[in-house]
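Peer 1: Requesting a structural model of the entry that follows:
(one chain, ligands or ions: 1)
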Amino acid sequence: MAMTDLFFNSAFLSSGWQTSVRIAVSEDGWIQAITSGASSAGCESVPGIAVPGVPNLHSHAFQRAMAGLAERGSSNTDTFWSWRERMYAFLERLSPEDVEAIASQLYVELLRHGFTSVTEFHYLRNHIDGSRYEDPVEMGRRILSAANQAGIGTTLLPVLYRSSDFGNKPPAPEQKRFVADVDDLLGDLASLQDSTAKNPQYRIGLAIHSLRAAAPEDLAHAVSSFRDIDNEGPIHIHVAEQTREVNDCVAWSGGRPVEWLLTNVPVDKHWCTIHATHMTAEEATALAASGAVVGLCPTTEANLGDGLFPFEDYAGAEGNWGVGTDSHVSVSPIAELRLLEYGQRIARQERNIAAGTQDRSTGRALLEHAWTGGSQASGRSTGGLEVGQRADILSLNENHPVLVGRTGDEILDSWIFSGEDTPVQNVMVGGKWVIRDGHHEREEDIFNNYATVLRRLST
Ligand SMILES: [Zn+2]
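Peer 2: Here you go, the predicted model:
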């Protein structure tokens, strides 16, 4: 099989920084060999510093189009719950074509900032009137088509959404586009798996929207049935994002959401709990011990006023985590990691929190979690530059003002902690260059489609 040999003057491998690095990539996009101190003869010499692409572990693509549209005060205190009303009103009008146009634009933006894969927590499933599309996975196929246009690696998670609140309360009218019963959802999963099975760019998993949205028996049925289909597939759930949710869960069950989940569901390393913002120290320790990944989305959590993740407890228990952009008020892994670190600094009045008490780079500590936790949560092998991983590679421009003169881990620190401009120059996903010199070859068409949709929605 034909291979491509890439050559970088400097690369951050899973084993650390190396120079004169040759990376052999198979035709289907896997890293097959890495040699340091190599010659560039016969290789494609790539400018810039090679670092792994960052996996984005949590996205609701359609929300990209409403970023900035929920930022007005009102006479009532504005919270996550009032934001959710606006989000529901916004999605009332979206067609499958709209979702594909929005997702395509989003994915190009994610790539440009250094995300090479995305995990799509996909709950916008039904027709505008709540009926099923003729093809029940119409919306899921639109997401995959957008991913294919942009060339981003994708884990698609059809979402179980059954109820409006704890105690199996019937869904509200504005939730009609999300609702599916467990067997329909399993049918969605099977048909999406069929259409992606041979393509290493894609993986299909399961999401449970939240403990509010799925009664225990539905949750158990979905999880055990999914395990029959895919024993190691990723399973994601929103949990403990809001204090109201915590209080309602306690009123319903006597337990807090993370506590309830860990007691009643077989959570393991194939799980990803999104947010997990409101945990006691005991819950944080137990969640870390489960091996699951926590999906942190710091800019969305800040935007929605969710609260601050108990990083000290969770990191102290060596918990796995990664980052996502969720509602896409940011599209940059750097913005997410920086706000994660800064939130903790503000709360604790200390510096260099992710580095812990060791003399090491904070940027490297943050990125290593984002790479490995993001890969684990996606169920795809995209956790770093090493043999057997996907060839998801960024080249950072060493002549960019953010990076000029930097060496070693200073490169990672300066990438995160030196402003808004991105030094990401070239982006490879699964062995194919999708961003060259900051540009995507289809960016104009993709933007024009997006602009048409946004102009129509604004009327
Ligand atoms: Zn979310």
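Peer 1: can you tell me the helix or strand for G384?
Peer 2: Assessed by DSSP states H and E, G384 sits outside every helix and strand.
Peer 1: Can you report phi and psi for it?
Peer 2: phi 160, psi 170 (degrees, to the nearest 10).
Peer 1: again, but for the one 4 residues further on
Peer 2: Torsion angles at G388 (phi, psi; degrees, to the nearest 10) stand at phi 100, psi -10.
Peer 1: and it, how many residues sit next to it?
Peer 2: G388: 9 surrounding residues under other Cβ atoms under 10 Å. Where C-beta positions appear, they are placed from N, C-alpha and C, glycine not excepted.
Peer 1: That one contacts S381, correct?
Peer 2: Yes. Using Cβ atoms under 8 Å, G388 is in contact with S381, at 6.4 Å.
Peer 1: Can you tell me which residue is spatially central in the chain?
Peer 2: Compute the mean C-alpha point of the chain, and by Cα atoms, centre = their mean the closest residue is L57, 2.1 Å away.
Peer 1: Report the secondary structure state of that residue.
Peer 2: Secondary structure, DSSP: H, G, I helix; E, B strand; the rest coil: L57 is strand.
Peer 1: Doesn't N399 belong to a strand?
Peer 2: No. The assignment for N399 by three-state DSSP gives coil, which leaves it out of any strand.
Peer 1: Show the model's pLDDT score for it.
Peer 2: Predicted confidence (pLDDT) for N399: 97.
Peer 1: Distance of it relative to I416?
Peer 2: Using Cβ to Cβ, to the nearest Å, one obtains 19 Å as the distance from N399 to I416.
Peer 1: These two - which one has more neighbours?
Peer 2: More neighbours surround I416 than the other of N399 and I416, with 23 against 11 (other Cβ under 10 Å).
Peer 1: since we're on the residue nearest to that one when sequence neighbours are not counted, how many residues are nearby?
Peer 2: Excluding the flanking residues, the one nearest I416 by Cβ to Cβ, 6 or more residues apart in numbering is G363, at 4.6 Å. Per other Cβ under 10 Å, the neighbour tally for G363 reads 25.
Peer 1: ok, now T154?
Peer 2: By other Cβ under 10 Å, 28 other residues sit near T154.
Peer 1: what's the nearest residue to it if we skip its chain neighbours?
Peer 2: A147 (4.1 Å).
Peer 1: residues in contact with the helix or strand containing the one you found?
Peer 2: Assessed by DSSP H and E, A147 sits inside helix 138-150. Helix 138-150 is touched from outside by 61, 96-97, 99-101, 103-104, 106-108, 110-111, 118, 120, 122, 124-125, 133, 135, 153-154, 156, 158, 188, 192, 195-196, 201-202, 434, 440, 442, 446, with contacts defined as Cβ atoms under 8 Å, 6 or more residues apart in numbering.
Peer 1: Among those residues, which ones are in strands?
Peer 2: 118, 120, 122, 153-154, 156, 158, 202, 434, 440 (DSSP state E).
Peer 1: Between which two of those is the distance greatest?
Peer 2: P158 and H440 (27.2 Å; Cβ to Cβ).
Peer 1: Looking at those two, which has the bigger crowd around it?
Peer 2: More neighbours surround P158 than the other of P158 and H440, with 30 against 23 (other Cβ under 10 Å).
Peer 1: N303 versus the residue lying closest to the more buried one once chain neighbours are set aside, what's the distance?
Peer 2: Distance criterion Cβ to Cβ, 6+ apart; nearest residue to P158, sequence neighbours excluded, is D188 at 4.6 Å. In this view, D188 and N303 are 30 Å apart by Cβ to Cβ.
Peer 1: higher neighbour count, these two?
Peer 2: Neighbour count, other Cβ under 10 Å: between D188 and N303, D188 has more, with 23 against 18.
Peer 1: Surely the more buried one and D135 touch.
Peer 2: No. Applying Cβ under 8 Å as the test, D188 and D135 come out as separate, 10.1 Å apart.
Peer 1: ok now stretch 241-252, how far from the chain's centre?
Peer 2: 25 Å (Cα atoms, centre = their mean, to the nearest Å).
Peer 1: Which residue ranges of the chain form helices?
Peer 2: 80-91, 96-112, 138-150, 182-196, 216-229, 243-253, 257-264, 281-290, 298-303, 311-316, 333-348, 362-378, 409-416, 443-457 (DSSP state H).
Peer 1: Those: which one's closest to P47?
Peer 2: helix 409-416 (14.6 Å).
Peer 1: Can I get the helix or strand of the chain at the bottom of the mean pLDDT ranking in CSV? Just the C-alpha atoms.
Peer 2: In the chain, the helix or strand scored least confidently by mean pLDDT, DSSP states H and E is helix 80-91, which has a mean of 90. The C-alpha trace of helix 80-91 is given here as CSV (Å, rounded to 0.1, in the frame of the first residue of the first chain):
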residue,chain,number,x,y,z
PHE,A,80,-28.9,28.4,31.5
TRP,A,81,-32.7,27.7,31.5
SER,A,82,-33.6,30.9,29.8
TRP,A,83,-30.8,30.4,27.3
ARG,A,84,-32.3,27.0,26.6
GLU,A,85,-35.6,28.6,25.7
ARG,A,86,-33.8,30.7,23.1
MET,A,87,-31.9,27.7,21.7
TYR,A,88,-35.2,25.8,21.3
ALA,A,89,-36.8,28.7,19.5
PHE,A,90,-33.8,28.9,17.2
LEU,A,91,-33.7,25.3,16.2
